[in-house]
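Here is my input; please provide its structure:
(2 chains)
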Amino acid sequence: MTLTRRDLIRSGLIAGAAGLIVPPVLARGVLAATTDGIHNNRVLLVIQLGGGNDGLQTVIPLRDPKFRDLRPTLGKEADAALPLDNDHGLHQNLAGIKKLYDSGKVAIVQGVGYPKPSFSHFDSIRVWETGDPTRRQQDGWLGKTIEKNYDSAGHPLVGCATGTTSTPGALRDLQATLTVINDQSSFKFQGNGDNMDRVMGTLYTGTPGIYGALFDTAMSTVRDTVAQLKTSAAKYTPRATYSDNAKLVFSSKNQLAAALQLAAELIVTGTGVKVLHVTLGGFDTHYTEQNRHAALMAYLDAAVSAFHADLAAYGMADRVLIATWSEFGRRPNENASGGTDHGTSSPVLLIGDPVKGGLYGERANLSKLDAQNNLTYTVDFRSVYQEILTGHLKVDGADVLGQSFERLPFMRAA
Amino acid sequence: MALTPAQFPERMTLFWHGLFASGADKQPFEFNYMKLQNDGFRRHGLSDLRTLLLEMSLSAAMMTYLDLEQNEVGNPNENFARELMELFTLGPGNYTETDVREAARALTGYRITAFDGAGAAQPWPQWGPTQDAYTARIHGYIDAGWTFRGVLDPAAHDSTSKTFLGRTGNLALADVIDAILAQPACASFIARKLIAHFVGDAAGADATFVNEVADRFRASGYDLKTAMRTIFLGADFLVHTSAARNQFLGDAAYRAIIKSPVDLVIGAVRATGYTAWMSNAYWTTESMGMAVYEPPNVSGWWHGSPAWCGTTQWLDRLNFAGDVAWHGGAPTANPDPDLNLASQLDGVLSAATRSAYNAAWSGDRWRVLLGSPEFNLR
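You can find the predicted model right below:
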């Protein structure tokens, strides 16, 4: 039998359903996660570039004279960019990603956005997280993916955010079990922990009452996760060098390298993880953007390169897709502080061995700005989601997104 | 909440914050607007629903969070109008898309205005020199008694005719709220939320009980004290009339709700007398999934008890129990740990809890008690 968290919630709501015992099926441990739901070894890792990454400084329009006109300071980056072709260059600090691009492992979708764009961080983050520009949805698109396709009950590492203390909105779903691990070493029972692990286990055995089963499940899930993380830590040695940049403190969320290292550990030690979410903050570059953005690009490049190299050394790079997203790009014209204000569409990077590399979508057109002097979008962000879901995870994208979107063929047919 | 003897108004304030959700993450002045909104919930949380809805709608925090301040004639923003009906008062299915559009037009033109401590409108504080300095200055004004709230600017208001929930005319905010209050669905919606929060999820799903409370609530002119009295003293009028009484009042309402993180932390601090912990309370409750003033989204927190049982959040609950027990020093409220079973758990506990408690050495007993299933319920 399969008892899902949903069933428990439902049964918990029936007053009088006291004494429901947690069935042994929940005690089978997280290792069994891949045997439930979707049967493939695909993993998705999503990187949020928090604050609004400047797409024009990430994928630079090399030969558009307007780029230098609109951006007297920032425009100089075109000279140092790493050319992808005659018209497009990656930021000079993305050398590792450029190398992956040259070996066909990076797809760049340009001009990704949505209609009637919001310039509020909060609001636009919500749109991207829920996959819903009409703002009717409360659950995140990744959370829904898990709820609809995987049995996360008793398998708390199926969906996991690393390097943060709160559940990212994209992963939030009231009916899925999701885990947030800020620091692996502290994800345990504190203070005489082994003893407390046992004590709490006995305290939550056959708990009576309408929430007894839910409580006992939560507790056994916690204990499983703590045990699993301990095992994973013992089995894993990084096969690439991850280094966090202590000087890069634009935001409290900058622990990307550590978060990716933990993500790699969860993947290579067979925890059953399917969807991972990490965040790099600091992209809200309203002033002195050139140096700050360059530092962020270098940090992103080093962390992603290490993550890919680590997975490759473990022979698992073929199953993992890395996808970036940011709530918006930035205004095409540079402001008086050497920065840029909130904008609209920006490119999405898709990185990994399962990717069919190349440029997708249309190049940002600086001669055809909208009424607010912003870029128009040419690719709906949900088309990117659709291909990630259908082409990579091989789940029903329309079911998660509420409707079907045109696929962009950036995944290899496998 | 940890300190006041008047717990009930504080709980009502928290309830409204969780239902009429606004978040600091979209505010220009960090927590300042949130604090003002919270004051409003405290002031009107037990008065009548009409007053409370007007207060909430024109709070600067809500006007920012749901874009009401950007809603103007010719360029309506439907964000607040929609949530007002869907999440705050009626629930889906009780209005049409036309109602949303018409309400949005009726709600055009409200602008956040600054008032000094005497209630006189003041020019908007000038920006600068930096955002931090500006925020600090706004904070200073609020400390000095200033408020920021919505006022109708006729020039930005759509003064043509609208038709909303059957009413036609040059409607504005008060008309929209009155039209909503005229819907029976409004009384049921609020009654359902109150019952689920104060009695339990199952009681909130019981139509008979909800209707009893909703009828009295509506008949009283939406007096919130009447609603709460009806819920708490429901036995007085439900005698002989409803099976709901036996089902939800009394034994079945006992420990029928999983404590929210705020309930848990406040409860543990009050139980142990370790009030110094309150300096950690914000981060503690945030790690358990409830950052006060920053709900995850506009749907707030009250999604039913199971929402608090995520893996990470659950581990944080238990480690919180350990932290309070270990670092709290000698609890002052009740120095004899054995008496705690009686005072904190009513002496009503499972054999597993009693045995784990007895097996623990004295230093761990608070930890077992605060981490027990019984203490996690209310």
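
Point out where the stretch 101-250 of chain B drops to low pLDDT.
Within the stretch 101-250 of chain B, the ranges that satisfy pLDDT under 70 run B:234-250.

Now with 90, please.
B:126-132, B:199-209, B:231-250 (pLDDT under 90).

Can you get me a residue count around the closest residue to chain A within it?
Residue of the stretch 101-250 of chain B nearest chain A, by C-beta to the nearest C-beta: B:Ala202 (4.3 Å). C-beta coordinates here come from the backbone N, C-alpha and C atoms, glycine included. Close neighbours of B:Ala202, defined as other C-beta atoms under 10 Å in any protein chain shown, add up to 25.

what's the helix or strand for it?
helix B:201-204 (DSSP states H and E).

Now do that helix: distance to the chain's middle.
Put simply, helix B:201-204 sits 17 Å off its chain's centre (C-alpha atoms, centre = their mean, to the nearest Å).

Can you mark which positions in the helix or strand following that helix are buried?
Downstream of helix B:201-204, the next assigned helix or strand under DSSP H and E is helix B:207-219. For helix B:207-219, burial by neighbour count (16 or more other C-beta atoms under 10 Å in any protein chain shown) applies to B:209-214, B:216-218.

Ok, stretch A:359-373 next?
Neighbour count says stretch A:359-373 has A:359-361, A:364-366, A:369 buried, by 16+ other C-beta under 10 Å.

quick check, nearest of those to chain B?
Looking across those and measuring by C-beta to the nearest C-beta, the closest to chain B is A:Leu369, at 19.9 Å.

Confirm that closest one sits in a helix?
No: when DSSP: H, G, I helix; E, B strand; the rest coil is applied, A:Leu369 is found to be coil, with no helix at that position.

In contact with it, which residues?
A:332, A:375-376 (C-beta atoms under 8 Å, 6 or more residues apart in numbering or on different chains).

Go again with 7 Å.
By C-beta atoms under 7 Å, 6 or more residues apart in numbering or on different chains, the contact set of A:Leu369 is A:332, A:375.

what's the nearest residue to A:Cys160 if we skip its chain neighbours?
Using C-beta to C-beta, 6 or more residues apart in numbering or on different chains and skipping the chain neighbours, the partner closest in space to A:Cys160 is A:Thr179 (4.8 Å).

Next, the one you found: phi, psi?
Per-residue torsions, A:Thr179: phi -130, psi 140 (degrees, to the nearest 10).

now the residue of the stretch 101-250 of chain B closest to chain A: how far from B:Met228?
Noted for B:Ala202: a distance of 19 Å to B:Met228, by C-beta to C-beta, to the nearest Å.

again, but for B:Ala24
28 Å.

ok, these two, which is more surrounded?
B:Ala24 (21 against 18).

Who are the contact partners of that one?
B:30-31, B:34, B:293-294.

Which pLDDT value belongs to A:Asn245?
Note on A:Asn245: pLDDT of 65.

just to revisit the earlier point, mind checking which of the contacts of B:Ala24 land in helices?
B:Met34 (DSSP state H).

Could you pull up the mean pLDDT of stretch B:277-294?
89.

what residues does it touch?
Against stretch B:277-294 from outside (C-beta under 7 Å, 6+ apart): A:165-166, B:2, B:23-25, B:31, B:34, B:260-262, B:265, B:269, B:301, B:308, B:310, B:313, B:316-317, B:320, B:324, B:328.

ok, now stretch B:97-109?
So stretch B:97-109 is contacted by B:68, B:71-73, B:76-78, B:80-82, B:85, B:152-154, B:156-158, B:162-165, B:171-173, B:175-176 (C-beta under 7 Å, 6+ apart).

Mind listing what's buried along stretch B:46-66?
B:46, B:48-50, B:52-66.

I meant to write stretch A:373-381 there.
A:374-375, A:377-381.

ok, A:Leu276 - how many residues close by?
Neighbours of A:Leu276 (other C-beta under 10 Å): 26.

where does the residue nearest the centre of chain A land in three-state SS?
The centroid of chain A falls nearest to A:Val46 when counting by C-alpha atoms, centre = their mean (1.9 Å). Using three-state DSSP as the criterion, the local structure at A:Val46 reads strand.

In contact with it, which residues?
Contact analysis of A:Val46 by C-beta under 7 Å, 6+ apart lists A:142, A:170, A:276-277, A:323, A:325.

That one pairs with what?
Beta-bridge partners of A:Val46, counted by DSSP bridges, are A:His277, A:Ala323.

quick one: the helices in chain A?
A:5-12, A:55-58, A:65-70, A:77-80, A:95-102, A:121-130, A:141-149, A:193-203, A:212-235, A:256-268, A:289-313, A:381-387, A:397-401.

Just name the most buried of the ones you listed.
helix A:55-58 (a mean of 27; mean count of other C-beta atoms under 10 Å in any protein chain shown).

Return the list of helices and strands in contact with that one.
Using 3 or more C-beta pairs under 7 Å, 6 or more residues apart in numbering or on different chains; DSSP states H and E as the contact test, the elements touching helix A:55-58 are strand A:346-351.

Tell me the gap between the strand it packs on and the middle of its chain.
12 Å.

residues from the stretch 151-300 of chain A in reach of chain B?
Within the stretch 151-300 of chain A, the positions lying close to chain B (C-beta under 7 Å from any C-beta of the partner chain) are A:156, A:165-166, A:169, A:172, A:174, A:177-180, A:187, A:189-191, A:196, A:199-200, A:202-211, A:214-215, A:218-219, A:221-222, A:225.

Could you rerun that using 6 Å?
Residues of the stretch 151-300 of chain A lying close to chain B (C-beta under 6 Å from any C-beta of the partner chain) are A:156, A:165, A:174, A:179-180, A:190-191, A:199-200, A:202-203, A:205, A:207-208, A:211, A:214-215, A:218, A:221-222, A:225.

Give me the buried subset of the contacts of stretch B:97-109.
B:68, B:71-73, B:76-78, B:80-82, B:85, B:152, B:156-158, B:162, B:164-165, B:171-173, B:175-176.

that older thread, go through the contacts of stretch B:97-109 and flag which are in helices.
Reading helices off the contacts of stretch B:97-109 with DSSP H, I get B:80-82, B:173, B:175-176.

As a markdown table, the residues you listed with distance to A:Asp396 would be great.
Conversion of the ones in helices among the contacts of stretch B:97-109 to a markdown table gives the following (distance: C-beta to C-beta, whole Å):
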| residue | distance to A:Asp396 |
| --- | --- |
| B:Phe80 | 34 |
| B:Ala81 | 34 |
| B:Arg82 | 28 |
| B:Leu173 | 43 |
| B:Asp175 | 45 |
| B:Val176 | 40 |
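
what's the most distant pair in those?
B:Arg82 and B:Asp175 (17.3 Å; C-beta to C-beta).
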